[in-house]
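Visitor: Dropping the sequence and predicted coords here.
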Amino acid sequence: MKKTLSRLPRVVRLAALSAVLLALCSKSSPLYAFNDWMDANIFFTMGRSMLDGRVLYRDVFDHKGPVLYLLYGLAGLVGGTDFRGVLVLEIIAMTSFLYTGLRTAELLAGHRLSVWWMALPAAGMAASRAFSHGGSAEELLLPFLAAALFSLLRALHSPGTKPLRAVCVQGLLAGCALWLKYTVLGFYLAWVVVLAALYLRRGWLAQLGRSVGAYLGGMALATLPWVVYFGVHGALGDWFTAYFYDNLFLYKGEGGGLPALAQHLWWAVRDGLPAALLLAAFLLWALLTRRFAAAGGVAALAAGLAATSLMGGYLVYYGLVLAVFAPLGLVPLVCLAEKTPAPVRTALPWAVLAACAAACYALTPNRALRGRARADLPQYRFAAQINGGSLLNYGTLDGGFYTAAGVLPPCKYFCVTNMPLDDQWTDQQAVLKAGAVDYVVALTGDLHGDFPQYAVIDRCSYDGGEGEVTWYLYQLQR
């Protein structure tokens, strides 16, 4: 069995590892009845609406980046009323992250490593509290961040300049990441600053100027398709308002400043503890072995990432971005393992693999929901009654009913987000006053008083891991 696995290409083995661990930990997995996380369902509804021809931000509203919605829309082509496609997307993202992380660890170690060592950072990510439900923007950002980390460390180890094509590719990936979720801006600013400092120290002024142009050119290539998309649909203003103005000036969390950053960093370490410990192990090893350039570069990237990802508000999954540094912690561990007897050294990666799989099974925050039947969920129970009718998710975040029922929303504000916009309520209330939808789902059972044409026909209580809630299904009385 070992020999058979060892003959498989490394990326195939990493994909298998990713599939197993995500099957155990992600609510998108078939081992879970449904991914009921409201954010993931918003992404899904936005993506499906986009591929159906509706224009992001103008016709359907949320405030994440268009790349995220495009990825979810493509995932919806695989499984429209469940999360099979999102699981495929997660596996691709984790495989890419692990493959790049393995190359980074090998660069620092100076030799090839067993693929199965990557089970440690993989499990540290997937079984952590920060992983949350599965399918977060932070999870999908990891391949982009890992590529930049590897590129920078390789530059620090190289005696020559980075090829302009490689710099352009990094700019392209940075642009994709920024249009997925802009809070990683600090990571890329730190990347640019460290590389510029390296070029200046070595006297490569001309190469620095050309590299800046190549990097900006790559970012422009990532941005151009979205300028065309929104420009053709006359929605450039909607894009700018929703993604920049609303996020920067309306969605402020509980405040900023250094005290908030310190508090949020502490929470991020707590929620992504395995990755934080692996990062700390790497930094200590790098200092003890006098690899100051690598330690400084990684510390700068971590500081930049924290400055923009954790400065404002804080939600548990924000800390998942720290997982990008987890593969670095393998280097000191492997150095210790190499000092053990040969039989132990050979067995250790396999022991790590088995232990990590067991940890994912036992420790994932979603473990209590594994194996739950679809019949117990309000999403599928209500979907059988909706049966393709028109639907509005009223007064709260997207509960997954559009996804389970396989229908698209009737209005721009198809749910009520955390963004303080009065238009969300007026838009939804106008739909109900006009009796424009057949069914309404809500977390309140008293809508009949304000909208007498709608009556409760079903209710269902369940606990999705964050406390019990009761969903109500209303039907239009004709």
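Guide: Nice, thanks for sending it over.

Visitor: rest of the way, CA atoms for contacts and neighbours
Guide: OK.

Visitor: Would you mind extracting the C-alpha trace of stretch 433-446 into CSV?
Guide: Backbone C-alpha positions of stretch 433-446 (Å, rounded to 0.1, in the frame of the first residue of the first chain) are rendered in CSV as follows:
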residue,chain,number,x,y,z
LYS,A,433,-46.5,44.3,0.3
ALA,A,434,-47.0,43.5,-3.4
GLY,A,435,-47.4,39.8,-2.7
ALA,A,436,-44.7,39.3,-5.3
VAL,A,437,-43.4,35.9,-4.1
ASP,A,438,-45.1,32.6,-3.4
TYR,A,439,-43.1,31.8,-0.2
VAL,A,440,-41.2,33.6,2.5
VAL,A,441,-38.7,32.1,5.0
ALA,A,442,-37.9,34.1,8.2
LEU,A,443,-36.6,33.7,11.7
THR,A,444,-39.7,35.3,13.1
GLY,A,445,-43.3,33.9,13.2
ASP,A,446,-45.2,37.2,13.3
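
Visitor: mind checking how far that stretch is from the chain centre?
Guide: With CA atoms, centre = their mean, to the nearest Å as the basis, the distance from the averaged C-alpha position of stretch 433-446 to the chain average is 31 Å.

Visitor: List the buried residues for it?
Guide: Applying a neighbour-count criterion of 16 or more other CA atoms under 10 Å, one finds G435, V437, D438, Y439, V440, V441, A442, L443, G445 buried in stretch 433-446.

Visitor: now stretch 44-62
Guide: Of all the residues in stretch 44-62, those buried under the rule 16+ other CA under 10 Å are 44-51, 54-62.

Visitor: gap between the two ends of that stretch?
Guide: End-to-end distance for stretch 44-62: 11 Å, by CA to CA, to the nearest Å.

Visitor: okay, stretch 208-217 in CSV with CA atoms only?
Guide: Output for stretch 208-217, consisting of C-alpha atoms alone and laid out as CSV, is shown next (Å, rounded to 0.1, in the frame of the first residue of the first chain):
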residue,chain,number,x,y,z
LEU,A,208,13.3,47.4,-9.4
GLY,A,209,11.6,49.9,-11.8
ARG,A,210,10.9,47.2,-14.3
SER,A,211,9.6,44.9,-11.7
VAL,A,212,7.2,47.5,-10.3
GLY,A,213,5.8,47.9,-13.8
ALA,A,214,5.5,44.1,-14.3
TYR,A,215,3.8,43.7,-10.9
LEU,A,216,1.3,46.5,-11.6
GLY,A,217,0.8,45.1,-15.1
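
Visitor: hmm, back to that, pull the most distant pair out of the buried residues of stretch 433-446.
Guide: Across the buried residues of stretch 433-446, the longest distance by CA to CA is 19.0 Å; it joins G435 and L443.

Visitor: dump the residue contacts of A295.
Guide: Taking CA atoms under 8 Å, 6 or more residues apart in numbering as the contact definition, A295 lies against L283, A286, L287.

Visitor: Equivalent analysis for P420, please.
Guide: If you count contacts by CA under 8 Å, 6+ apart, then P420 has L250, Y251 around it.

Visitor: Give me the phi and psi angles of it.
Guide: For P420, the backbone dihedrals are phi -80, psi 80 (criterion: degrees, to the nearest 10).

Visitor: So it versus G76, what's the distance?
Guide: Noted for P420: a distance of 29 Å to G76, by CA to CA.

Visitor: Can you find the helix or strand in the chain with the smallest mean pLDDT?
Guide: Within the chain, judged by mean pLDDT, DSSP states H and E, the helix or strand with the poorest mean is helix 2-7; its value is a mean of 60.

Visitor: and the next helix or strand after it, average pLDDT?
Guide: Towards the C-terminus, the helix or strand next in line after helix 2-7, according to DSSP states H and E, is helix 10-25. Per-residue pLDDT values across helix 10-25 average out to 97.

Visitor: Can you give the distance of the helix or strand following helix 10-25 from its chain's centre?
Guide: Where DSSP H and E defines the elements, the next helix or strand beyond helix 10-25 is helix 38-51. Taking the mean of its C-alpha atoms, helix 38-51 sits 14 Å from the chain's own mean (CA atoms, centre = their mean).

Visitor: so what secondary structure elements neighbour whichever helix or strand comes after helix 38-51?
Guide: Next helix or strand after helix 38-51 toward the C-terminus (DSSP H and E): helix 66-76. Judged by 3 or more CA pairs under 8 Å, 6 or more residues apart in numbering; DSSP states H and E, helix 66-76 is in contact with helix 38-51, helix 84-109.

Visitor: what does helix 66-76 rub up against?
Guide: Contacts with helix 66-76, where a contact means CA under 8 Å, 6+ apart, come from 43-44, 46-51, 56, 83-86, 88-89, 137, 176-177, 179-181, 226.

Visitor: For the stretch 1-150 of the chain, which residues score under the pLDDT cut-off?
Guide: Scanning the stretch 1-150 of the chain with the threshold set as pLDDT under 70 gives 1-7.

Visitor: change it to 90
Guide: With pLDDT under 90 as the threshold, the stretch 1-150 of the chain has low-confidence stretches at 1-8, 78-82.

Visitor: And for C356, the neighbour number?
Guide: The local packing of C356 (other CA atoms under 10 Å) involves 24 other residues.

Visitor: Off-centre distance for the helix or strand where A404 lies?
Guide: With secondary structure defined by DSSP H and E, A404 is part of helix 401-405. Offset of helix 401-405 from its chain centre (CA atoms, centre = their mean): 21 Å.

Visitor: and it, what other elements does it pack with?
Guide: helix 38-51, helix 378-386, strand 391-393.

Visitor: contacts for that helix?
Guide: The contact list for helix 401-405, computed with CA under 8 Å, 6+ apart, reads 41, 44-45, 80-82, 379-380, 382-384, 386-388, 391, 393, 408-409, 441.

Visitor: Now for H133: which residues touch it?
Guide: By CA under 8 Å, 6+ apart, the residues touching H133 are C25, S26, K27, N35, W37, P365, N366.

Visitor: Over to Y99?
Guide: With contact taken as CA under 8 Å, 6+ apart, Y99 is in contact with V11, L14.

Visitor: all strands for the stretch 301-450 of the chain, in order.
Guide: With DSSP state E, counting those that start in this stretch as the definition, the stretch 301-450 of the chain shows strands at residue ranges 391-393, 439-442.

Visitor: following the last one, which helix or strand shows up next?
Guide: Sequence order places strand 454-463 as the next helix or strand after strand 439-442, per DSSP H and E.

Visitor: Thanks again, I'm all set now.
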